[in-house]
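Q: with the sequence up front, the predicted model follows.
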Amino acid sequence: MVQAPKQTDSSQLYDSNFFLAMASQTCFVIANTLMAHYARWIEFLGGDLLSIGWVMGGGAVVGLFLRPTMGQWINRFGPITMWQIGYLLFATGALGNLAISDLGPAIYMLRSCTVLGAAVVFASGLTYISQIAPVHRQAEAIGILGVGGFLGMLVGPFLGDVFLGGEMRQRNDFSTLFITAAVGNLIPAALVLLLRRPQSSLRSRGSLRVSDFARTVYQHWPGTILFVDLAFGVCMAIPFGFLASFIDKVPLQVAGVSMMGVFFWVYAGWGLCVRITLRRVPDRFGRRKVLLVGNLFMCLGMFSYLLVTAERPWLLVIPALLTGTAHALMFHTMTALTIEPFPREVRGTGSALALMMLDLGMIAGAPILAWIGETLGFDWLFTLTAILLFTSMAAYSWSSIPVWRSRRAQQEINPLSNSH
């Protein structure tokens, strides 16, 4: 087995192996973000906004309950093997939609399969990068891996709009969407096969019992950062769950323009620039500080949706800019802070826990947000999401005060120490 060499400086982070992982991430996110149009599939089958909320939230339940076991699997079998399994699960779930014609139990099972597959892919990717990156550059490594996600978002939602065409959508349009999402997993699966495996010593030999997951989490409890993970999960239900319905119901229409495509071009394109430009900022000036700034941008982004009306559809670029900035600042910093307390040999557990909280946010948030949107309107949906984000920001800021005081005191003793 070829082992990854020990990485100790900046020149050893960005090598061909790292960019293979990033390319795989980009290709998969293109396939995954095609599913941003899944709300339209639910509506095509006769559902409404409440149905979308239940399918989106209910479809993530299986992924949530399997997260602990998933973390143990990654620890035992290694991230590369589990990465491949994730691609297979996602492709199976996408193709299965070709066989359904109503909102019965099958759609919940298939949605669960795609969500679980994506969860395995992302958890495996995070674990792999956290194992091969230098300790002092983990947030940067996770952030640059996420650049592949932003690149994928530039293509996937727009491509979905091309497939689905206008308002009079046919079943064949959705079939093309699902087949493309499934086949799109072949390229990233092939790229993962070429990756260099982490050192075998990093692989855990523990059992696969959920009790071991709970014990590991208890031993390395990350703290109130989990509340931020959860709130971020609720927030992500909007662009990837409800945005299509928001655009259709307002409606937001510009002749010859895909408003879904415009949103994600701005969201991902600007987020890509922010992520690359500020890639070293979290590790230099503090992950907590960068996370809180990102959370503030996300709150402002949620409120800015209130400016968007049928008469002013182009104002959709404002929430796209603000939330794209927030995503670029938040995801890798909060993930690094969640994983940080876990030793390398159980990083699969830390990655699974971080993404489990995102799932919990979507599961709890999607049906509630759907009910709010259906009964009170989209304005209340965005406003209450912003309030939740602000609450999580306040709680994490309060919990960070002792950490900042301790590090400030340490800096006074040793001015050369790096404070985060």
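A: Here it is on my side, so go on.

Q: centre of the chain versus stretch 395-403, how much separation?
A: Put simply, stretch 395-403 sits 24 Å off its chain's centre (CA atoms, centre = their mean, to the nearest Å).

Q: and what of stretch 385-403?
A: Distance, stretch centre to chain centre, for stretch 385-403: 20 Å (CA atoms, centre = their mean).

Q: show me the contacts for V281.
A: By CB atoms under 8 Å, 6 or more residues apart in numbering, the contact set of V281 is V290. Quick note: C-beta positions are derived from backbone N, CA and C, even for glycine.

Q: low-scoring pLDDT stretches of this protein, where are they?
A: 1-12, 63, 166-167, 199-209, 414-420 (pLDDT under 70).

Q: change it to 50
A: Residue ranges of the chain with pLDDT under 50: 1-11, 200-203, 419-420.

Q: remind me, longest helix of it?
A: helix 378-413 (DSSP state H).

Q: how about that helix: buried residues?
A: Burial within helix 378-413, assessed by neighbour count using 16 or more other CB atoms under 10 Å, is assigned to 378, 381-386, 388-390, 392-393, 396-397, 400, 407.

Q: other SSEs contacting that helix?
A: In terms of contacts (3 or more CB pairs under 8 Å, 6 or more residues apart in numbering; DSSP states H and E), helix 378-413 is packed against helix 225-237, helix 287-304, helix 347-375.

Q: do that again at 10 Å, thanks
A: helix 225-237, helix 243-249, helix 287-304, helix 317-339, helix 347-375 (3 or more CB pairs under 10 Å, 6 or more residues apart in numbering; DSSP states H and E).

Q: now for these, which one comes closest to V210?
A: Nearest of the helices and strands packed on helix 378-413 to V210, taken as CB to CB: helix 347-375 at 11.0 Å.

Q: and the angle from the closest one to helix 225-237?
A: Between helix 347-375 and helix 225-237, the angle comes out at 50 degrees (axes from the mean of the first three to the mean of the last three CA atoms, to 10 degrees).

Q: quick one: helix 347-375 to helix 378-413, angle?
A: 150 degrees.

Q: now helix 347-375: how far from the chain's centre is it?
A: Between the centre of helix 347-375 and the centre of its chain there are 11 Å (CA atoms, centre = their mean).

Q: likewise for stretch 339-351?
A: The mean C-alpha position of stretch 339-351 is separated from the chain mean by 18 Å, CA atoms, centre = their mean.

Q: how long is it from one end to the other?
A: 6 Å (CA to CA, to the nearest Å).

Q: now do the buried residues in that stretch.
A: Those would be I339, E340, F342, R344, V346, R347, G348, T349, G350, S351, for stretch 339-351 by 16+ other CB under 10 Å.

Q: setting aside sequence neighbours, what's the nearest residue to L307?
A: Distances taken as CB to CB, 6 or more residues apart in numbering place L315 nearest to L307, at 4.9 Å, with adjacent residues excluded.

Q: cool, L355 as well?
A: A123 (5.3 Å).

Q: CA atoms only for whichever strand or helix holds T69, dumped as PDB, please.
A: Using DSSP states H and E, T69 sits in helix 61-77. The C-alpha coordinates for helix 61-77 follow below in PDB (Å, rounded to 0.1, in the frame of the first residue of the first chain):
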ATOM      1  CA  VAL A  61     -34.100  10.900   8.600                       C
ATOM      2  CA  VAL A  62     -32.400   7.700   7.500                       C
ATOM      3  CA  GLY A  63     -29.200   9.700   6.900                       C
ATOM      4  CA  LEU A  64     -29.400  11.200  10.400                       C
ATOM      5  CA  PHE A  65     -29.800   7.800  12.100                       C
ATOM      6  CA  LEU A  66     -27.000   6.200  10.100                       C
ATOM      7  CA  ARG A  67     -24.600   9.100  10.700                       C
ATOM      8  CA  PRO A  68     -23.100   7.500  13.800                       C
ATOM      9  CA  THR A  69     -22.600   4.100  12.100                       C
ATOM     10  CA  MET A  70     -21.200   6.000   9.000                       C
ATOM     11  CA  GLY A  71     -18.600   7.600  11.200                       C
ATOM     12  CA  GLN A  72     -17.500   4.200  12.500                       C
ATOM     13  CA  TRP A  73     -17.500   2.700   9.000                       C
ATOM     14  CA  ILE A  74     -15.200   5.500   7.800                       C
ATOM     15  CA  ASN A  75     -12.900   4.900  10.800                       C
ATOM     16  CA  ARG A  76     -12.800   1.100  10.100                       C
ATOM     17  CA  PHE A  77     -12.800   0.800   6.300                       C
END
